[in-house]
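S.K.: the following comprises the amino acid sequence and a computationally predicted model.
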Amino acid sequence: MAAPLLAAGAGAALAADGSEAVARRLEALRVAIQDGDAKALDALTHPQLSYGHSSGRKIETKAAFITSLAGKTNYKSLVFSEQWIQVVGDNALVRHVWDGADILPNGETGRSYIAVLQVWLKEAGADEGGAWRLLARQSCPLKPA
């Protein structure tokens, strides 16, 4: 069984098991979320996406997830830290800490600081650079350090 690796500083070990491709997709997802880029969000997520929020009560489909971000949420900053990626066959488990500052509709700034677990699926026929797509995501609130 492969040992889980932190994405930062793992280098060659990441490339050997496909984690590097997942890390690239995770970064693309972070940028797409921050930018509210519907086209990129569509390409990065699986049609059967289950996207759970930190309240534990709000679960979104792919369509609802994209609609909620595309042009509606304005992130001033969004950082994914403490990344942990483990590839298991055509699946990848990803954990990270999300630290986001968003501009609310009333102009105030809100902060989201959460622990996230994601499941990514490598689609059949995907090359090594990979068509990894986010299949599931759940988060829980953290107290800022």
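M.R.: Sure thing, it's come through.
S.K.: give me the element Ala101 is part of.
M.R.: If you go by DSSP states H and E, Ala101 is part of strand 91-103.
S.K.: can you list the helices and strands that that strand packs against?
M.R.: For strand 91-103, the elements it packs on are helix 19-35, strand 74-88, strand 109-122, judged by 3 or more CB pairs under 8 Å, 6 or more residues apart in numbering; DSSP states H and E. Glycine gets a C-beta too; all of them are placed from N, C-alpha and C.
S.K.: what number of residues lie near Gln86?
M.R.: Using other CB atoms under 10 Å, Gln86 is surrounded by 17 other residues.
S.K.: roughly how far apart are it and His46?
M.R.: Distance, Gln86 to His46, by CB to CB, to the nearest Å: 18 Å.
S.K.: same thing with Trp120?
M.R.: In this view, Trp120 and His46 are 8 Å apart by CB to CB.
S.K.: which residue of this protein lies farthest from its centroid?
M.R.: Asn106 (26.5 Å; CA atoms, centre = their mean).
S.K.: which SS state does that residue fall under?
M.R.: Assigned with DSSP: H, G, I helix; E, B strand; the rest coil, Asn106 falls in the coil class.
S.K.: please apply the same query to Cys140.
M.R.: Going by three-state DSSP: Cys140 is strand.
S.K.: one step back: of the helices and strands packed on strand 91-103, flag the one that's most buried.
M.R.: helix 19-35 (a mean of 20; mean count of other CB atoms under 10 Å).
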